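Trainee: here you go, sequence then predicted model.
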Amino acid sequence: MIHDLLHQEIPEDYQSGFIAVVGRPNAGKSTMMNAILNEKVAIMSDKPNTTRNNIAGILTKDDVQYVFMDTPGIHKPQQHLGKVLNKNAYIAMEDSDVIAWIIDITQAFGPGDEFILNKIKTLHKPVVLLVNKIDKLPREKVLKKLLYWTDKYDFNDVVPISAKDKVNLDELLKVFRQYLPKQPPLYPEEMKSDHSVNFQLCELVREKILQKTHDEIPHSIAVILERKEIEKGRMILSFLIIVDRDSQKGILIGKQGSMIRDIRIACQSEIREKVGMPVIIEFYVRVEKNWRNKEVKIKEFGLDELSE
């Protein structure tokens, strides 16, 4: 990476920096980042805590590079995993040049928002409030909510957006740019994410499981890529899906394998497009009882990337 950057012609006034995208679960962090990048870098679902890792989405232009850090939704943790996810989000905030706090305008200010606000107050960094989902309320209500939120904190900027409809995202980039330091790009121009293709494949599988299953299943799974080989012009991918109870294994496999088959079909075309060739996908399901409360398992499954 350093070699590539050394050979680029960098304008003297080039800007680049980190933007920590934080908020409560389901506020629209991943949707907004994917919309700005015009590429799916982070998976999306309507389940809380879909995002587990800090995922960089990188937008490079001629004279500026934005590095968006999509973070796990900050929440009151129920297991050790929840504490790790909150820690991941806090570290991204501490290391950022500007914090983008995204809120769902249809939701009332609650304890989760108070929690985030108290953390923000300790950091003394520029904070841009992104008021998301303005497409869901009439203009008068949007204005009323904006006034309510701006009374809560002296934000550096407040930008109403609709991540789903891509409303005001160009304006958002102009706002963020004000807070990025003058320095060369942090990543090569061709990079769109700091995570490997293997990580993205596991996330795509987890996304389809989130979309297909209900109750505790979405929160209890981890996905590991165990095999990736090319044979006769096809890529063979074997994924290990971890759950934390025997009953969840039965639900995930489904009657006569119906659920796991549906998940495989849902994955097929998107993974084929990602790797650029036909794929054969194999799933294996294993029970690791109460893994979300076991620090060693959380690290083993790649969910505590920031640990020593």
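Mentor: Okay, I see it. Numbering: from 1, shown residues only.
Trainee: for the nearest residue to Arg227 once chain neighbours are set aside, give the beta-bridge partners.
Mentor: Nearest residue to Arg227, sequence neighbours excluded (C-beta to C-beta, 6 or more residues apart in numbering): Ser238, at 3.7 Å. Any C-beta I mention is one placed from the backbone N, CA and C, and that applies to glycine too. In this entry, Ser238 is beta-bridged to Arg227, Glu282, by DSSP bridges.
Trainee: so how far is Cys267 from Ser238?
Mentor: 13 Å (C-beta to C-beta, to the nearest Å).
Trainee: count of residues packed around Gly257?
Mentor: For Gly257, the neighbour count with other C-beta atoms under 10 Å is 11.
Trainee: give the rounded mean pLDDT of stretch 222-231.
Mentor: Averaged across stretch 222-231, pLDDT comes to 94.
Trainee: quick one on the thing from earlier: Ser238 and Cys267: which is more packed in?
Mentor: In this view Ser238 and Cys267 are compared by other C-beta under 10 Å, and Cys267 has more residues nearby, 22 against 15.
Trainee: the more buried one belongs to a strand?
Mentor: No - looking at Cys267 with DSSP: H, G, I helix; E, B strand; the rest coil, it is helix, so not inside a strand.
Trainee: verify the stated contact: Asp70 with Leu37.
Mentor: No - here Asp70 does not reach Leu37: they are 10.1 Å apart, not a contact under C-beta atoms under 8 Å.
Trainee: domains in the protein, by residue range?
Mentor: 2-177, 197-300 (automatic domain parsing).
Trainee: looking at these, which is nearest to Pro188?
Mentor: Among those, the nearest to Pro188 by C-beta to C-beta is domain 2-177 (4.4 Å).
Trainee: now do that closest one: distance to the chain's middle.
Mentor: Distance of domain 2-177 from its chain centroid, counting by C-alpha atoms, centre = their mean, to the nearest Å, is 10 Å.
Trainee: average pLDDT for it?
Mentor: Mean predicted lDDT for domain 2-177 stands at 86.
Trainee: now swap in stretch 195-202 and tell me
Mentor: Rounded mean pLDDT across stretch 195-202 is 86.
Trainee: the strands in the stretch 201-308 of the chain, which residues?
Mentor: 222-231, 234-243, 279-287 (DSSP state E, counting those that start in this stretch).
Trainee: what's the shortest one packed up against?
Mentor: Here strand 279-287 touches strand 234-243, helix 246-253, helix 258-275, going by 3 or more C-beta pairs under 8 Å, 6 or more residues apart in numbering; DSSP states H and E.
Trainee: in that strand, what counts as buried?
Mentor: 279, 281, 283, 285 (16 or more other C-beta atoms under 10 Å).
Trainee: swap in stretch 138-148?
Mentor: 142, 145-146.
Trainee: likewise for stretch 260-273?
Mentor: 260, 263-264, 266-267, 271.
Trainee: returning to that earlier point: which of the helices and strands packed on strand 279-287 sits closest to Glu300?
Mentor: When the helices and strands packed on strand 279-287 are compared (using C-beta to C-beta), the closest one is strand 234-243, at 9.5 Å.
Trainee: so what touches that closest one?
Mentor: 201-202, 205, 209, 217, 220-230, 249, 252, 271, 275, 277-288, 291, 301 (C-beta atoms under 8 Å, 6 or more residues apart in numbering).
Trainee: of Asp70 and Leu37, which one has the most company?
Mentor: Using other C-beta under 10 Å, the more surrounded residue of Asp70 and Leu37 is Asp70, with 26 against 17.
Trainee: beta partners of the more buried one?
Mentor: Under the criterion used (DSSP bridges), Asp70 bridges to Val21, Ile55.
Trainee: how much space separates it from Ser162?
Mentor: Relative to Ser162, and taking C-beta to C-beta, Asp70 is found at 18 Å.
Trainee: now the strands for the stretch 1-150 of the chain?
Mentor: Going by DSSP E, counting those that start in this stretch, the stretch 1-150 of the chain shows strands at 15-22, 55-60, 64-70, 98-104, 127-132.
Trainee: can you redo those strands as CSV with distance to Leu81?
Mentor: Shown next, in CSV, are the strands of the stretch 1-150 of the chain (distance: least, C-beta to C-beta, whole Å):
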stretch, distance to Leu81
strand 15-22, 18
strand 55-60, 17
strand 64-70, 18
strand 98-104, 22
strand 127-132, 26
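Trainee: compare these and give me the one nearest Gly112.
Mentor: strand 98-104 (10.0 Å).
Trainee: ok so, going back, which residues are common contacts for Asp70 and Leu37?
Mentor: Gly57.
Trainee: distance of the residue of the chain positioned farthest from its centre relative to Trp149?
Mentor: Computed with C-alpha atoms, centre = their mean, the residue of the chain farthest from its C-alpha average is Lys232, at 34.5 Å. Per C-beta to C-beta, Lys232 is found 57 Å from Trp149.
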